[in-house]
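*Asks:* What follows is a protein structure lacking sequence information:
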Ligand code: TNX
């Protein structure tokens, strides 16, 4: 009779055990970009929705709130131990500000990093370990694989650009765009706010800039044809928009929470057609001493050009906390300077040898100006023509074939190599794709591109700050099309920005991608399905 009790007990235990949720074995997490080192163990950890999230520093609140949203934890509390713990620990300094350590065992989940950025990236890794449904709605008690991860990026600069000048994209979309960057651990959003016929940022000292530059005459037809600048007094239907300074601050804050720096670009001295419409007296003088009616270049011999740009940049520096300000500097048509008496006088006075040196004079003026405001200057690589200050940073945008030559010029450099990182290029079979500008760069081309050429010495290698892709929007007039052009190619850029050269593996990446695409589906992203052909 006594024997019955143990049997009864065992039965109870078995029954109780089967009521308890048991974590299943989980497949390897398949994270993009692949973490630096990952050890995958058998089994899984259930993240119970009743479990509070513990943080050891108030700056981690945003990351904790993301997890809370995904799994529905009731509270975020401060402390230094817990079943879901985010912890800043300066002793992990060797991982760098963006590095982190993540461990999930049968008991708990720990993400520890030397800085808030690393914690954010640890949480983005966790995100990809959770079911993709979390992107849409809370998933109670999800199971994550048991893993140990040590992670840290290859490049400090992992950028993504968006041209909002050719077509305006609303604040809500800019936030979505920033969300996409965050998911891929991209840390810089290059906001191309100004170009030929578009001026998108409110400048309080010169409201004319947006009065003219934010609007064009509404037109049916091809997106690249919406080129008629609307005069402020024109009462035909207008197309466009601009960001108020309040909205700009909101975007900067939104990005900062996601470990993203916003780099503003104000184009000078070229690509400024609408500025010349708005301030015709800043155009160069023709042979007859009259201002050119239609140029896109500031007159370098007119002190008012410098004054206007200083007023603008002063406001930009005030608002943007970024270390750098981008001043454009690409594709300046110097023929206007050549024929302009004011520019020629400047050339003589400053003993400038040619028009390239006028360009450097112009750029160096603003480098000093920015420097006095505590900022560093970035320009497209054309600013190297002439005598440039050695502290200026270059964004290189020509083909990968010549990038070595530019890296060796000795300036800090970011590679946005046109034939690999222009996401306005076609990505699939041309006849089947929406009309695009430029060449053809597939997902595989982006992934397999190694941005550092062979044969550089240590100093030259140290010049390379990192990589960035650009989205020029002459042909891209809708949010859906912008998403289509950047995704999934941005996941391949992210891999190059994050992973060491030896770690990259196309087969592995290709096999992991469908999981990320599921996440895009949950997020409702209009990504290019055509870009992913499993067998290629
Ligand atoms: C050149 S690339 C530009 C952009 C255009 C792009 C495509 C670069 C620095 N400048 O202003 O959008 O070509 O047309």
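*Replies:* Cool, the structure landed. Because the structure is predicted, anything quoted here is derived from the model rather than measured.
*Asks:* how about the residue in the stretch 351-500 of the chain that the ligand sits nearest to, secondary structure?
*Replies:* Here the residue of the stretch 351-500 of the chain nearest the ligand is residue 472; by Cβ to the nearest ligand atom that distance is 3.4 Å. No exception for glycine: its C-beta is placed from N, CA and C like everyone else's. Secondary structure assignment for residue 472 (DSSP: H, G, I helix; E, B strand; the rest coil): coil.
*Asks:* who's in contact with it?
*Replies:* Contact criterion Cβ atoms under 8 Å, 6 or more residues apart in numbering gives 163, 166, 192, 422, 424, 437 as the residues in contact with residue 472.
*Asks:* In PyMOL, how would I select the buried members of those residues?
*Replies:* This is how PyMOL selects the buried members of the contacts of residue 472, with burial counted by 16 or more other Cβ atoms under 10 Å:
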select buried, resi 163+166+192+422+424
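*Asks:* which among the contacts of residue 472 are in contact with the ligand?
*Replies:* The subset of those within reach of the ligand, counting by Cβ under 6 Å from any ligand atom, consists of residue 437.
*Asks:* Where do the strands of the stretch 51-200 of the chain begin and end?
*Replies:* Under the criterion DSSP state E, counting those that start in this stretch, the stretch 51-200 of the chain carries strands at the ranges 53-55, 76-78, 84-88, 100-104, 109-113, 143-151, 157-163, 188-192, 194-195, 198-199.
*Asks:* I'd like the next helix or strand past the last one.
*Replies:* The one in question is strand 198-199. helix 208-213 (DSSP states H and E).
*Asks:* Under the pLDDT cut-off, which ranges of this protein? List them.
*Replies:* Low-confidence regions of the chain, defined by pLDDT under 70, span residues 1-25, 534-536.
*Asks:* So it: which segments form each domain?
*Replies:* Domain assignment for the chain by automatic domain parsing gives 20-151, 157-531.
*Asks:* dump the residue contacts of the one residue in the stretch 201-350 of the chain that gets nearest to the ligand.
*Replies:* Closest to the ligand within the stretch 201-350 of the chain is residue 330: 3.6 Å, counting by Cβ to the nearest ligand atom. Residues in contact with residue 330, defined by Cβ under 8 Å, 6+ apart, are 267, 270-271, 379-382, 397.
*Asks:* can I assume residue 45 sits in a strand?
*Replies:* Yes. Going by three-state DSSP, the assignment for residue 45 places it inside a strand.
*Asks:* Report how many residues lie close to it.
*Replies:* Taking other Cβ atoms under 10 Å as the criterion, the count of residues near residue 45 is 23.
*Asks:* same check, this time on residue 519
*Replies:* Other residues within reach of residue 519 by the criterion other Cβ under 10 Å amount to 21.
*Asks:* who in the protein is up against the ligand?
*Replies:* Residues of the chain lying close to the ligand (Cβ under 6 Å from any ligand atom) are 195, 271, 330-331, 380, 397, 437, 472, 474.
*Asks:* Looking at those residues, spot the one nearest residue 178.
*Replies:* Distances from the residues of the chain next to the ligand to residue 178 were compared by Cβ to Cβ; the smallest belongs to residue 472, at 18.7 Å.
*Asks:* where's that closest one relative to residue 136, distance?
*Replies:* Counting by Cβ to Cβ, to the nearest Å, the gap between residue 472 and residue 136 amounts to 31 Å.
*Asks:* What of residue 143?
*Replies:* Taking Cβ to Cβ, one finds residue 143 at 18 Å from residue 136.
*Asks:* How many residues are close by the closest residue in space to residue 227 that isn't next to it in sequence?
*Replies:* Spatial nearest neighbour of residue 227, excluding adjacent residues (Cβ to Cβ, 6 or more residues apart in numbering): residue 197 at 6.2 Å. Using other Cβ under 10 Å, residue 197 has 20 neighbouring residues.
*Asks:* In contact with residue 197, which residues?
*Replies:* Neighbouring residues of residue 197 by Cβ under 8 Å, 6+ apart: 165-166, 213, 216, 227, 229, 273-274.
*Asks:* Which of these fall in helices?
*Replies:* When DSSP state H defines the helices, the subset of the contacts of residue 197 inside them is 213, 273-274.
*Asks:* Most neighbours out of these, which is it?
*Replies:* Most surrounded of the ones in helices among the contacts of residue 197: other Cβ under 10 Å gives residue 213, at 29 neighbours.
*Asks:* count of residues packed around the nearest residue to it once chain neighbours are set aside?
*Replies:* Here the nearest residue to residue 213 in space, its sequence neighbours aside, is residue 199; by Cβ to Cβ, 6+ apart that works out to 2.5 Å. Counted with other Cβ under 10 Å, residues neighbouring residue 199 total 29.
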